[in-house]
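# need a structure here:
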Amino acid sequence: MSAPLRRAAERTPPGRDRHIDLLRAVAIALVVLGHWLAVVVTYRDRIGGDTVLAFVPWARPLTWLFQVMPVFFLVGGFAGAASLDSFRRRGGDAIGWFLSRTDRLIRPTTAFLLTLGGAALLALLLGADPATVGMAVWLACLPLWFLIAYVTVVLLTPVLLALHRRAGLAVSAVFAVAVAFGDTARLLGGPGVFGAANYLLAWAAVYQLGIAWREGALPARPRVAVPMIVGGLAALVLLTVPGPYAVSMVTDPGARLQNTSPPTLALLALAVAQTGVALLLHERGGRLLRRTRPWAAVVAANSAIMTIFLWHMTAVVIAVLALYVTGLLPQPPPGSAAWLVLRVPWLAFLTATLAVLVAVFARFERRGVERRGVERRGVERHAVEKRGSSSPAAGAGRAGASTSVATLAGAGLVVAGLLGVALTGSQGLPASMLPARFAVCFAVYFAGAALLWAARASHRRVAS
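Residues are numbered from 1 along each chain as shown. Alright, predicted model coming up:
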C-alpha cells in the first residue's frame, strides 16, 4: 500500500463509522464479480453476447446475493447526510456541499468518457467496424446508469434530509407506495411514464433508509435488524415465487416485469433485507476495522471505488478482444461444465486487466479526494477566521445566483448525457448508428461537467 493511503488510514477521525466504508467496498466487489460471472460472450463472424440467465435458469435466485446496488444507495444516504451536516456546521451551503460531494464522482467519470471516446474515435479512424465499436462502447458504458440516479439523489439530499426530520421513516414508505403504483400501472399495461418514475423513486427510497439510519431512526440493534431481514425476505419470496415479479434481481430476458429496469417493489423488499443485514453486522464490522490491516485495505478499496466500478466492464471489452477474437478461449455451450470451468481463467484475466486500469486511472479519483480534504481544511480555517462575524457570508461562503444556476444546469446536463448513453444502448438502434449517438451524449455530459467545474471554481473563490 502506498504511503499516502497508509497515512489516510492512520488519520481517520475517531468518529467515522468505518462499517459504512466496509459495506461500500464489499458491495463493489460483489457487483463486479456478479457482472463478470453473468456475461456470456459469443464470437463467430461478429461479437455477440447475452446474460447467463438466458441459459442457466437455476442461477436466478443467486442474483439475490449479487444484486447489491441497494447497498450503495443505503451507504450513500448515510454518508451524504453525515457529510451535509458537517459541511453546514462549518458554515457551508447546499450548493457548495453538492459541488464538493460530486467532484469525486465527476472527475473519474470524465476521465473514463474522455478515454473511451478517444479510443473509439481512434478505432474508427483505423478502419474498425462502426457496429463493433458502438457495441464495445455500449458494453463499457453499462455501469453509467448508476450515476444517473445517484447524482440526482445527491442533489436532492438537503430536501430528503429535511423530509426525514419532518416525517421520519414515512418518507421511505411513501416512496415505496409510489413504486408499487408504478409497478401496478406497468402490469396493467398503463403508460410507461409511471414505471419510468421508479428509476428515481425506488433508489430515493433506499437512499432515504440510509439517511434514517444515520439520523438514528434505524438503530443498529438486532431488535430492528432481524425483523427487517425476515420481513424483507418474506416479502421478496411472496412477490416473486407466487407473485408477478421475476425471481431474478437483474435483467432476465424471459421475465415480463424486470426488477431493475425500472426498479420494482421486489427490489425494494431485497433492499429492506440488505439494510437489516447491514444493521445486524454493524458492531462486528466496527470491531474488525479497529485493526490496522483490515481498515487500511478498506481505505485502499474506497480510494478507487468509482474507478473500479467505471472500468470493470471495459475490462470485459478488452478480454473479449484478447481471448475470444484471437481464439485463445474456447466457447463451449453456456452453462455447461466446460463453460463453468473456463470461468476461472476468464475471471483471472479480468482481474489482472482491471488492476492495470485502476493503477492507471485511479489517480483522477484520488486527486478529487485530496482536493476535498484541502477544501475541507480551508473551510474550517475560514470558519475560524470569520467566527463571530455578523456578515451572512461568514464561514464557508454562500453560492451566488450565477453559481447556483451553473450548478443546477451542470447537474442537469450531466444526468441528461448519462441518460442518453443508457437509452442509446436500449433503443434497438442499428449498431452502425451507435457511435454518432454516443458522441452526442458524451458532448452533453462534457458540457455539464464543464459547468460544474466552473461553478466549483467560482464557489472556491467565494469561500477563500
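
# can you give me the helices in the stretch 101-250 of the chain?
In the stretch 101-250 of the chain, the segments counted as helices under DSSP state H, counting those that start in this stretch are 130-140, 145-155, 157-167, 170-187, 192-196, 198-214, 222-240.

# Low-confidence stretches in the stretch 101-250 of the chain?
The stretch 101-250 of the chain contains residues with pLDDT under 70 at 192.

# Report how many residues lie close to residue 288.
Residues lying near residue 288 (other C-beta atoms under 10 Å) number 15. Any C-beta I mention is one placed from the backbone N, CA and C, and that applies to glycine too.

# Quick check: it vs residue 241, distance?
For residue 288, the distance to residue 241 equals 35 Å [C-beta to C-beta, to the nearest Å].

# Tell me the backbone dihedrals of the closest residue to residue 249 other than its chain neighbours, please.
Counting by C-beta to C-beta, 6 or more residues apart in numbering, residue 249 lies nearest to residue 67, which is 3.6 Å off, once chain neighbours are set aside. Backbone torsions for residue 67, taken as degrees, to the nearest 10, come to phi -80, psi 90.

# which residues touch residue 67?
34, 249, 250, 260, 267, 270 (C-beta atoms under 8 Å, 6 or more residues apart in numbering).

# Please tell me the pLDDT value assigned to the fifth one.
Note for residue 267: predicted pLDDT of 97.

# and it, that one's in a strand?
No - assignment of residue 267 by DSSP: H, G, I helix; E, B strand; the rest coil gives helix, placing it outside any strand.

# Tell me which residues touch it, please.
67, 70, 202, 249, 259, 260.

# again, only this time at 7 Å
202, 249, 259, 260 (C-beta atoms under 7 Å, 6 or more residues apart in numbering).

# Include distance to residue 147 when you put those residues into JSON lines, please.
Listed next are these as JSON lines, based on distance: C-beta to C-beta, whole Å:
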{"residue": "202", "distance to residue 147": "16"}
{"residue": "249", "distance to residue 147": "20"}
{"residue": "259", "distance to residue 147": "20"}
{"residue": "260", "distance to residue 147": "15"}
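
# what residues does stretch 225-245 touch?
Applying C-beta under 7 Å, 6+ apart, the contact partners of stretch 225-245 are 187, 246-247, 257, 259, 264-266, 269-270, 272-273, 275-277, 279-280.

# Would you show me how to pick out the buried ones of those residues in PyMOL?
Filtering these down to the buried ones (16 or more other C-beta atoms under 10 Å) takes a single PyMOL command:
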select buried, resi 246+247+257+259+264+265+266+269+270+272+273+275+276+277+279+280
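
# Counting only strands, which of the contacts of stretch 225-245 make the cut?
The strands, defined by DSSP state E, take in nothing from the contacts of stretch 225-245.

# Which of the helices of the stretch 101-250 of the chain sits closest to residue 110?
Residue 110 lies closest to helix 145-155 among the helices of the stretch 101-250 of the chain, at 11.4 Å (C-beta to C-beta).

# Can you give the contact residues for the closest one?
69, 76, 80, 98, 101-102, 105, 109, 199-200, 203-204, 207, 411, 414-415, 418-419, 422.

# for stretch 435-454, same thing?
In contact with stretch 435-454 (C-beta under 7 Å, 6+ apart) are residues 99, 102, 106, 110, 113, 117, 120, 124, 130, 133-134, 137, 406-407, 409-414, 416-418, 420-421, 424, 429.

# Over it, what's the mean pLDDT, rounded is fine.
93.

# Could I get the buried residue list for it?
Buried-residue list, stretch 435-454, by 16+ other C-beta under 10 Å: 435, 437-438, 441-442, 444-449, 451-453.

# Helices along the stretch 251-400 of the chain, start to end?
Counting by DSSP H, counting those that start in this stretch, the helices of the stretch 251-400 of the chain are 265-280, 282-288, 292-303, 305-319, 337-341, 343-386.

# Same list, those, but as a markdown table with distance to residue 191 please.
Below are those laid out as a markdown table (distance: least, C-beta to C-beta, whole Å):
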| stretch | distance to residue 191 |
| --- | --- |
| helix 265-280 | 18 |
| helix 282-288 | 42 |
| helix 292-303 | 41 |
| helix 305-319 | 32 |
| helix 337-341 | 41 |
| helix 343-386 | 39 |
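
# worst average pLDDT in the ones you listed?
When the helices of the stretch 251-400 of the chain are compared on mean pLDDT, helix 343-386 scores lowest, with a mean of 75.

# Going C-terminal from it, what's the next secondary structure element?
helix 401-424 (DSSP states H and E).

# now the angle from that following helix to helix 198-214?
120 degrees (axes from the mean of the first three to the mean of the last three C-alpha atoms, to 10 degrees).

# Other residues contacting helix 401-424?
Taking C-beta under 7 Å, 6+ apart as the rule, helix 401-424 contacts 95, 98-99, 106, 141, 144-145, 147-148, 151-152, 155, 434, 437-438, 440-442, 444-445, 447-449, 451-452, 454-455, 458-459.

# residues of that helix that come out buried?
For helix 401-424, by 16+ other C-beta under 10 Å, it's 403-404, 406-408, 410-422, 424.

# same deal with stretch 322-339?
For stretch 322-339, the neighbour count (16+ other C-beta under 10 Å) marks 323, 324, 329, 331, 334, 335, 339 as buried.

# Look up the closest residue to the first one, ignoring the ones flanking it.
In space, and not counting its chain neighbours, residue 323 is closest to residue 329: 4.0 Å by C-beta to C-beta, 6+ apart.

# And for the second one?
When the adjacent residues along the chain are set aside, residue 324 lies closest to residue 43, with 4.3 Å between them (C-beta to C-beta, 6+ apart).

# that older thread, which one of the contacts of residue 67 is nearest to residue 302?
residue 34 (19.4 Å).

# could I get the host helix or strand of that closest one in CSV with only the CA atoms?
In the assignment (DSSP H and E), residue 34 maps to helix 18-38. Taking C-alpha atoms only, helix 18-38 is exported to CSV below (Å, rounded to 0.1, in the frame of the first residue of the first chain):
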residue,chain,number,x,y,z
ARG,A,18,-15.9,2.5,9.4
HIS,A,19,-18.6,-0.1,8.8
ILE,A,20,-20.1,2.2,6.2
ASP,A,21,-16.8,2.1,4.2
LEU,A,22,-16.7,-1.7,4.6
LEU,A,23,-20.2,-2.1,3.2
ARG,A,24,-19.2,0.1,0.2
ALA,A,25,-16.1,-2.0,-0.5
VAL,A,26,-17.9,-5.3,-0.2
ALA,A,27,-20.7,-4.2,-2.4
ILE,A,28,-18.4,-3.1,-5.2
ALA,A,29,-16.6,-6.4,-5.1
LEU,A,30,-19.9,-8.3,-5.4
VAL,A,31,-21.2,-6.1,-8.2
VAL,A,32,-18.0,-6.6,-10.3
LEU,A,33,-17.9,-10.3,-9.6
GLY,A,34,-21.6,-10.7,-10.5
HIS,A,35,-21.3,-8.8,-13.8
TRP,A,36,-18.2,-10.8,-14.8
LEU,A,37,-19.9,-14.1,-14.0
ALA,A,38,-23.1,-13.2,-15.7
